[in-house]
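Here is my input; please provide its structure:
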Amino acid sequence: MVQRGRLRVYLGAAPGVGKTFRMLDEGHRRLARGTDVVVAFVETHGRPHTAEQLTGLPVVPRLRMRYRDAEFEEMDLAAVLDRHPELALVDELAHTNVPGSVYDKRWQAVQVLLEAGIDVISTVNVQHLESLNDVVEAITGVPQRETVPDWVVRSAEQIELVDMTPEALRRRLAHGNIYQPDKIDAAMTNYFRSGNLTALRELALLWLADSVEEGLQRYRDEHGIASTWETKERVVVALTGGPEGEALIRRAARIASRATGGELLALHIARSDGLAGSSIAALDQQRLLVESLGGSYHSIIGDDIPAAVLDFARAKNATQIVIGASRRNPVVAAVTGPGTGLGITRHAGTIDVHVVSHDYVGRGRVLPRLTSGLNARRRLAGAGVGAVLFAILVPVCATFRRDLALGSDLLLFLLAVVICALVGGIYPALVAAIVASLLLNYYFVEPLHRWTIARSENLLSLVVFLLIAGLVSRVVDLAARRNVEAARSNAEAETLSTLAGSLLRGERALPALMDRVRETFAVDSVALLRRSPDEQARPGGAWSTVAQVGEHPADRPEDGTAEVPAGEDLVLVLNGRTLAGEDQRMLAAFATEVAVAYRQLQLSEQAGAAAELAASDRARTALLNAVSHDLRTPIAAAKAAVSSLRSDEVAWSAQDQSELLEDADRALDRLTALVTNLLDLSRLEAGALSVTLHPIGLDDVVSRALSSIAVGRRHPPGTRPEELVTISVSDELPAVLADAGLLERVVANLVENAQRYNPPGVPVELRASAHGSVVELLIVDHGPGIPELDRESVFAAFQRRDDRAVSTGAGVGLGLAIARGFMEAMHGSIALETSPGGGLMVVLSLPVAEGTGISNGVRPGVRGGDSG
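Below you'll find the predicted structure:
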């Protein structure tokens, strides 16, 4: 069996920190030691220092693949497997392979190499880790489409962080060691901002620290190490659900915050029999508090509380435990022995234990009440059953006195007491036991019909009977009460489960939860009130309604029949019937769920607002990136031409002066067009575009549009302006209803785009035809075209057909966005299709003006459903 290869990963916080350089340097070191090393795939990104590192290393030729008429290079997995080196250097672990490759992702190919017994060294940036992908996008505003699962990187035998301070990385970028000079400005002002780099560096360090922690835990488990290693401050706070819980949590949070990276873990131990008297509502509130302080909440089952707490703490490698001082009464503590706190302290070993005092120390716990929880009707029924049974037993036993011994009489009367306990609970059963002992003494113990007892053994029998009857009644009552409690708990659990599940229903979760509360407690209305922030200092304060359901909801807590806090400034108020005590406890748990739904709604609204801000920020960033370059280029050209003309150092000929003036004029025309496009886009987005619709001839508009773009354009050598466009627009077409100026600019813009991407010497085609009440103008080029899936995205502002990040004189990518806006303002449409023979065909559709002739025609040269 082939032994699996070992993976080593160089992790970086951002591009350019030197991951590939370090990988190649390690390759040279291994090669010098005699290891069989090959470069399976390395991307230098045009960096000379990285390219120099390839010298002297064996390189496996890359696999060339064609996709969409372009050639790409990928790692030749088959060639590497055939070569079967000891070590393969594979760059960019998260890379997505070209469609048609054996594997979609490069990390999948790396797994194949490892399975073949080949060691691999690879590189990855923190933004490509699957678990951090959304976090990085939120920080940088740049989505990362190439990701690698965390488990792939964590499975590496060695992960090494290639670290560099943000200042040093920005200096490296400014010196041209990362990107080409034309991309430096955009990178410095966007992805490579100091704040971004600092945040990415912290993410990388924290992720690597977590990976190291996992490795440490595996080592401890493999070697059976149970003692605490204080590598990181972890504070466990033990919660009982009592009123002191919040104070303990805040104290533990302060202890954890004193150390950088300290963790807070809250723990509640539930008894395995489920009979612990912890408050569900209090535990829910404490869980929310723990999570708001950045901690985690854990609930486990255990009967030995000290052992369970210590086992959990050691499993989490905790360094400190926080517990509350005992609430037991000192007298009770002296009888029952040492409590949980002392048990934890005795066996904690090297773990520090903090026993925190609070306001409830020594106040004791409420002992279990003797009431059965049954209503008065059940207790009266129990008493009636006892009276009937005794009325039957006394004459029956008296009739058969000679056949029944005293022991038999005692058992029969004991049975009556048990039946009485089952029906009416403990109180009727105790009364029945006393009555039964008196009846036995009077009717069946010598001397008969007297209250005295002649024989001592009969006295003992009656006393034992009374004790057994009382104890049996207590046990039976407890069993009945537990049965009632279990049934209620089951109903509460089902209701809470339904409520928790309804939180997944989206933005309607809050009204749905409140409506469920109204139905569950059979009240008229439910309102969630919030205290106004500026009124919280007042005793009464001012309240605003967050949400409400039902009729006549309360506007203030005192207006309702029941209220329960749902947070620091929230109150859930019910109006209708008065709730019982057990319903109040359940209502507190409901209020916690309502508070969670409200916070979820708030977070959803904040996320929506943040998404809008992020989109606005991306648009602003794109605008600054594009406009900054495209404004500087014409301004610099015009200034250079004018400065040259004004220079006294050179005597310019008339032809030179004419060319310089032409350059300045053309640069200023570009500047004017850019500013005009920006103003048009702002008018479109603000809805302030002025549109005047009237019948116009399409042939006239096309003629004027071509004339406007022919003036001042430089044409390919040996061509004339009219040779760059072929026109098939008949003057017999019906007039269209449009704004002549806007339509002329749309046509001119689209023709210029088509000429820019059309092959040299191939003219752009303009064809028009009428179809019912619509006239279509087709602008056809035979360039590279646009894939069907990408056609909608090119209508977004600041997008070009080639989607290049750096301007090359092609404008800022506003043409199609403005063209669509103008067409929609004129009640027309614009669509992109594939040209017959390849290329892009832009289809402009405009309504025919009323009162003009309409002819039915067929669009020439168009095949329905063409794509490519």
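
tell me the contacts of residue 816?
753, 794-795, 799, 830 (C-beta atoms under 8 Å, 6 or more residues apart in numbering). Bear in mind the C-beta positions are built from the backbone N, C-alpha and C, glycine included.

top of these by neighbour count?
residue 753 (24 neighbours; other C-beta atoms under 10 Å).

helix or strand for that one, which one?
Secondary structure assigned from DSSP states H and E places residue 753 in helix 740-757.

Using CSV, write out every CA atom in that helix.
Extracted C-alpha coordinates of helix 740-757, given in CSV (Å, rounded to 0.1, in the frame of the first residue of the first chain):
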residue,chain,number,x,y,z
ALA,A,740,-33.8,62.5,-31.6
GLY,A,741,-30.9,63.7,-29.5
LEU,A,742,-31.0,60.8,-27.1
LEU,A,743,-31.4,58.2,-29.9
GLU,A,744,-28.5,59.7,-31.8
ARG,A,745,-26.2,59.4,-28.8
VAL,A,746,-27.3,55.8,-28.3
VAL,A,747,-26.5,54.8,-31.9
ALA,A,748,-23.2,56.7,-31.9
ASN,A,749,-22.1,55.1,-28.6
LEU,A,750,-23.0,51.6,-29.8
VAL,A,751,-21.3,52.0,-33.2
GLU,A,752,-18.2,53.3,-31.5
ASN,A,753,-18.2,50.2,-29.3
ALA,A,754,-18.7,47.9,-32.2
GLN,A,755,-15.8,49.5,-34.1
ARG,A,756,-13.5,49.2,-31.1
TYR,A,757,-14.0,45.4,-30.9
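
in it, what's buried?
740, 742-757 (16 or more other C-beta atoms under 10 Å).

Show me what it packs onto, helices and strands only.
With contacts taken as 3 or more C-beta pairs under 8 Å, 6 or more residues apart in numbering; DSSP states H and E, helix 740-757 sits against strand 694-696, helix 698-710, strand 764-771, strand 774-780, helix 815-825, strand 840-847.

export these to a markdown table and tack on distance to residue 548 and mean pLDDT?
Listed next are the helices and strands packed on helix 740-757 as a markdown table, based on distance: least, C-beta to C-beta, whole Å; pLDDT from 0 to 100:
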| stretch | distance to residue 548 | mean pLDDT |
| --- | --- | --- |
| strand 694-696 | 54 | 90 |
| helix 698-710 | 59 | 82 |
| strand 764-771 | 55 | 90 |
| strand 774-780 | 52 | 92 |
| helix 815-825 | 42 | 81 |
| strand 840-847 | 49 | 92 |
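
and residue 380, which of these is closest to it?
helix 815-825 (80.4 Å; C-beta to C-beta).

how big is the angle separating the closest one from strand 840-847?
20 degrees (axes from the mean of the first three to the mean of the last three C-alpha atoms, to 10 degrees).

Quick check, residue 295 in contact with residue 264.
Yes. Taking C-beta atoms under 8 Å as the definition, residue 295 is a contact partner of residue 264 at 3.2 Å.

Mind listing the shared neighbours of the two?
Common neighbours of residue 295 and residue 264 (criterion: C-beta under 8 Å, 6+ apart): 249, 252-253, 256.

nearest to residue 405, of those?
residue 249 (64.7 Å).

how close does that closest one get to residue 283?
Note on residue 249: its distance to residue 283, by C-beta to C-beta, to the nearest Å, is 11 Å.

Next, show the common contact partners of those two.
Shared contacts of residue 249 and residue 283 (C-beta under 8 Å, 6+ apart): residue 239.

how close does the nearest residue to residue 709 once chain neighbours are set aside sit to residue 663?
Excluding the flanking residues, the one nearest residue 709 by C-beta to C-beta, 6 or more residues apart in numbering is residue 748, at 5.0 Å. Counting by C-beta to C-beta, the gap from residue 748 to residue 663 is 21 Å.

Residue 829 now?
39 Å.

Surely residue 161 is in a strand?
Yes. Secondary structure assignment places residue 161 in a strand (DSSP: H, G, I helix; E, B strand; the rest coil).

these two touch, right, it and residue 208?
Yes. Assessed by C-beta under 8 Å, residue 161 is found in contact with residue 208 at 5.2 Å.

Which one's more surrounded, these two?
For residue 161 versus residue 208, neighbours defined as other C-beta under 10 Å are more numerous around residue 161 (20 against 17).

Test of understanding: give the bridge partners of the more buried one.
With DSSP bridges as the criterion, residue 161 is bridged to residue 11.

Next up, the contacts around it.
11-12, 204-205, 208.

Then residue 846?
Counting by C-beta under 8 Å, 6+ apart, residue 846 has contacts 698, 736-738, 743, 774-777, 823, 826-828.

same question, residue 404
With C-beta under 8 Å, 6+ apart, residue 404 has these contacts: residue 397.

quick one: which helix or strand includes it?
Counting by DSSP H and E, residue 404 is part of no helix or strand.

Equivalent analysis for residue 256, please.
helix 245-257.

mean confidence score for that helix?
Averaging pLDDT along helix 245-257 gives 88.

Which neighbouring elements make contact with that helix?
By 3+ C-beta pairs under 8 Å, 6+ apart, helix 245-257 packs against strand 234-239, strand 263-270, helix 280-292, strand 320-324, strand 352-356.

For it, which outside residues touch it?
233-239, 262-264, 266, 282-283, 285-286, 289-290, 293-295, 320, 322-324, 354, 356, 358-359.

and the angle for it with strand 263-270?
Between the axes of helix 245-257 and strand 263-270, defined by the same axes, to 10 degrees, the angle is 150 degrees.

Which element, helix or strand, includes residue 310?
helix 305-315.

Please read the previous query as pertaining to residue 644.
helix 581-646.

what's the farthest-apart pair in the contacts of residue 816?
Between any two of these (C-beta to C-beta), the greatest distance is 14.6 Å, for 799 and 830.

so how far is residue 524 from residue 816?
58 Å.

Of the shared contacts of residue 295 and residue 264, which is the most crowded?
For these, neighbours tallied by other C-beta under 10 Å; top is residue 252, 28 neighbours.

that older thread, which one among the shared contacts of residue 295 and residue 264 gets closest to residue 304?
residue 252 (22.3 Å).

Who's the closest spatial neighbour of that closest one, skipping the chain neighbours?
That would be residue 237: by C-beta to C-beta, 6+ apart, it lies 3.8 Å from residue 252.

With residue 413 instead?
Closest to residue 413 by C-beta to C-beta, 6+ apart is residue 436, at 4.2 Å.

related to what we said a few turns ago, relative to strand 234-239, how tilted is the helix holding residue 310?
Using the same axes, to 10 degrees: helix 305-315 against strand 234-239 is 160 degrees.

and helix 305-315, how far out from the chain's middle?
32 Å (C-alpha atoms, centre = their mean, to the nearest Å).

I'd like to know which elements it is packed against.
Against helix 305-315 (3+ C-beta pairs under 8 Å, 6+ apart) you get strand 234-239, strand 263-270, strand 296-301, strand 320-324, helix 340-347.
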